[in-house]
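J.: Any chance you can model this:
(one chain, ligands or ions: 1)
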Amino acid sequence: MEPAPFPVARPRRLRRTAALRAALRETTLVPSQLVAPLFVKEGIPGPQPVASMPGVAQHTLDSLRLEAKELRAAGVTSFLLFGVPAHKDAQGSAAWDDSGPVQTALRALRDDHGGDVVLIADTCLDEYTDHGHCGPLRPDGTVDNDAANAAYGRAAVSQAAAGADLVAPSGMMDGQVAAIRAALDAAGHGEGAGIMAYCTKYASALYGPFRDAAECAPQFGDRSSYQMDPGNAEEGVREALADVAEGADVLLVKPAAAYLDVIARVKAATGMPLAAYHVSGEYAMVHAAAERGWIDGDRVMAETLLGIRRAGADLVITYAAGWLARRLQP
Ligand code: PBG
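T.: Next up, the predicted model:
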């Protein structure tokens, strides 16, 4: 072959060895950037595996504490807590019960780990209402936005008092961040608990397995009058900017892998700390295909989670947090 008349770019020079590739990798995903979602359920004798989410269980308080210790040993230090109460009612009142499942878990984990872990509490009502919607209902069956916000405020104050570093409203009510911020400030948590706001959460078919784990499937209808339409990215950015104006400390996009463009746009538009939630269905799909031998599940999971980081997420919320952290250990 004739030598090129002028130097040509040869990107493959930098792909020659594993050491070169590692040295020049732009995106990294390390255990401190992972958040493990954890489910704690009242009134069960032992941990109950969730069939559609291999490796995930509904925990008792004791098994939760053990799981958190194991995660921390692997380097995962952020936990997102969901509670499944023994009793549900129309208002979802267990959500603001100071001895509710999440509040009790927060106190226990704070006791075990002090300030060495980041404790994030899901602040929503769907796990607590008997109808499974994210707020109290009006007589016509629609969710009452402002009544939901008032309840989120009460729940957030109770979670902050129990030791939450961040409360994470996931209900997609209008004005939920402002309502929670005002409630926290009024209760003396102005300098403590921050808000990780699900600013851009889609009405997705990918939440199915979670609804088994959190026992929160809507008993009628769906969530498309409060969660976002999957076709909308501009609106996702507007929702994010609104939450910043209302006082959000961290933003959250969900689902993640099917919404990488939204992650990138929200990050570019706000410059805020950003979390993305690789949700239950996204996790389950990888496991299901791997079980059939159709994909290499480990590699697909690692590649997907790295892609979420590359799109612009600072934090990746994933059911694979412990697995990935162990895999990353030298
Ligand atoms: C609602 C909530 C949901 C998830 C997190 N918070 C379910 C929903 O909106 O129906 C889903 C998470 C997942 O699928 O992993 N509080």
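J.: This protein against the ligand: which residues are in contact?
T.: By the rule Cβ under 6 Å from any ligand atom, the part of the chain lying against the ligand is 122, 124, 126, 170, 207, 210-211, 223, 279-280. In short, each C-beta sits where N, CA and C put it, glycine included.
J.: quick one: which of these has the most company?
T.: Most neighbours among the residues of the chain next to the ligand, by other Cβ atoms under 10 Å: residue 124, with 28 neighbours.
J.: Contacts only, for it.
T.: With contact taken as Cβ atoms under 8 Å, 6 or more residues apart in numbering, residue 124 is in contact with 95, 134, 152, 169-171.
J.: nearest to residue 12, of those residues?
T.: Proximity of these to residue 12, judged by Cβ to Cβ, is greatest for residue 170, which lies at 44.7 Å.
J.: Now do residue 7, the pLDDT please.
T.: Listed pLDDT for residue 7 reads 78.
J.: Can you verify it is assigned to a helix?
T.: No - counting by DSSP: H, G, I helix; E, B strand; the rest coil, residue 7 is not part of a helix but coil.
J.: What distance do you get for it to residue 13?
T.: Plainly put, residue 7 is 11 Å away from residue 13 if you go by Cβ to Cβ, to the nearest Å.
J.: which neighbours do those two share?
T.: Contacts common to residue 7 and residue 13, judged by Cβ under 8 Å, 6+ apart, are absent.
J.: Neighbours of residue 230, how many?
T.: Applying other Cβ under 10 Å, we find 16 residues neighbouring residue 230.
J.: Would it be right to say that it lies in a helix?
T.: No - secondary structure of residue 230 (three-state DSSP): coil, not part of a helix.
J.: Could you pull up the contacting residues of it?
T.: Counting by Cβ under 8 Å, 6+ apart, residue 230 touches 202-204.
J.: Now render those residues as TSV, adding pLDDT, neighbour count and secondary structure.
T.: As requested, the contacts of residue 230 are exported to TSV (pLDDT from 0 to 100; neighbours: other Cβ atoms under 10 Å; DSSP: H, G, I helix; E, B strand; the rest coil):
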residue	pLDDT	neighbour count	secondary structure
202	98	24	strand
203	97	15	coil
204	97	18	coil
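J.: ok, the residues you listed vs residue 141, which is closest?
T.: residue 203 (16.6 Å).
J.: among the contacts of residue 124, which are in helices?
T.: With helices taken from DSSP state H, the overlap with the contacts of residue 124 comprises residue 152.
J.: Closest to the ligand out of the contacts of residue 124?
T.: Within these, proximity to the ligand (Cβ to the nearest ligand atom) peaks at residue 170, which comes in at 4.0 Å.
J.: Identify the residues contacting the closest one.
T.: 122-124, 134, 198, 201, 254.
J.: Go ahead and confirm residue 226 touches residue 172.
T.: Yes - in this structure, residue 226 is within contact of residue 172 by Cβ atoms under 8 Å, at 4.6 Å.
J.: Specify which residue of these two has the higher count of neighbours.
T.: A count of neighbours by other Cβ under 10 Å puts residue 172 above the other of residue 226 and residue 172, at 26 against 20.
J.: All set, thanks.
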